[in-house]
Each structure stands twice: as C-alpha cells, then as structure tokens.
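**Q** Prediction below, plus the sequence it came from.
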Amino acid sequence: MKNGDSTQAVVVKLLVVGLLIELMMYSVFSVEWGDVGSTLFNTVQIGEMLFNEFGVAVLMVGLLLLSAILGGVFIAQEDEE
C-alpha cells in the first residue's frame, strides 16, 4: 500500500481481498468432489480426449496464448529516441 492511501482506501482494499477469499473458499467447499482418486488416465487417453473432443478449444487457447506472448513482447520493447 502506498504512503498516501487514506484509511478509507485501505479498508476498501481489505474488504475486496476478504470477499475474494470468501468466494474462493465457498467455491472449493461447495463442490461435490466425489471419489477423485478412483479414475486414472494415462497420457495417451488424455491426449486423445483433448484433441478428439476438445480440439477447437485447444486451438483457441493456443491462439490466445500466442497473442499474449506477442503482446508481452510488444509492451517490453524499448523505444529508441
């Protein structure tokens, strides 16, 4: 927190962080997890499932990551004067 922050700004920041933590805890504890360890996949099954059933989603995530990398490189460039 900055030195110039008022008490009200500090309280608002703490309230927002507290609400986010509460939301994360609620989402973790409200999900029915079931028997998580009963299903085991090998890497071939995971690869087949990803590219047969979710092929378009994998491609879209790849394009999103590529654009994020290119944006990061563009932002990190230093301007020559």
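**A** Structure received.
**Q** So, low pLDDT: which residues of the chain?
**A** Applying pLDDT under 70 to the chain flags the ranges 1-4, 35-39, 81.
**Q** Just give me the longest helix of it.
**A** Determined from DSSP state H, the single longest helix within the chain is helix 7-30.
**Q** Pull the distance from the next helix or strand after that one to the chain's centre.
**A** The C-terminal neighbour of helix 7-30 among helices and strands, as given by DSSP states H and E, is helix 43-53. With C-alpha atoms, centre = their mean, to the nearest Å as the basis, helix 43-53 stands 22 Å off its chain's centre.
**Q** all numbers from here: first residue = 834
**A** Noted, 834 is the first residue going forward, which turns the last one into helix 876-886.
**Q** just the angle between the helix or strand following helix 876-886 and helix 876-886, please?
**A** On the C-terminal side of helix 876-886, the nearest following helix or strand under DSSP H and E is helix 888-909. Using axes from the mean of the first three to the mean of the last three C-alpha atoms, to 10 degrees, one finds that helix 888-909 and helix 876-886 are set 90 degrees apart in direction.
**Q** what's helix 888-909 in contact with?
**A** Defining contact as C-beta atoms under 8 Å, 6 or more residues apart in numbering, one finds that helix 888-909 is touched by 883, 884. In this view, the C-beta of every residue, glycine as well, is placed from N, C-alpha and C.
**Q** what about 6 Å?
**A** residue 883 (C-beta atoms under 6 Å, 6 or more residues apart in numbering).
**Q** Find out how far it is from the centre of the chain, if you would.
**A** Its chain's C-alpha centre and that of helix 888-909 lie 14 Å apart, by C-alpha atoms, centre = their mean.
**Q** before we move on, what about stretch 884-900?
**A** How far stretch 884-900 lies from its chain's middle: 16 Å, per C-alpha atoms, centre = their mean.
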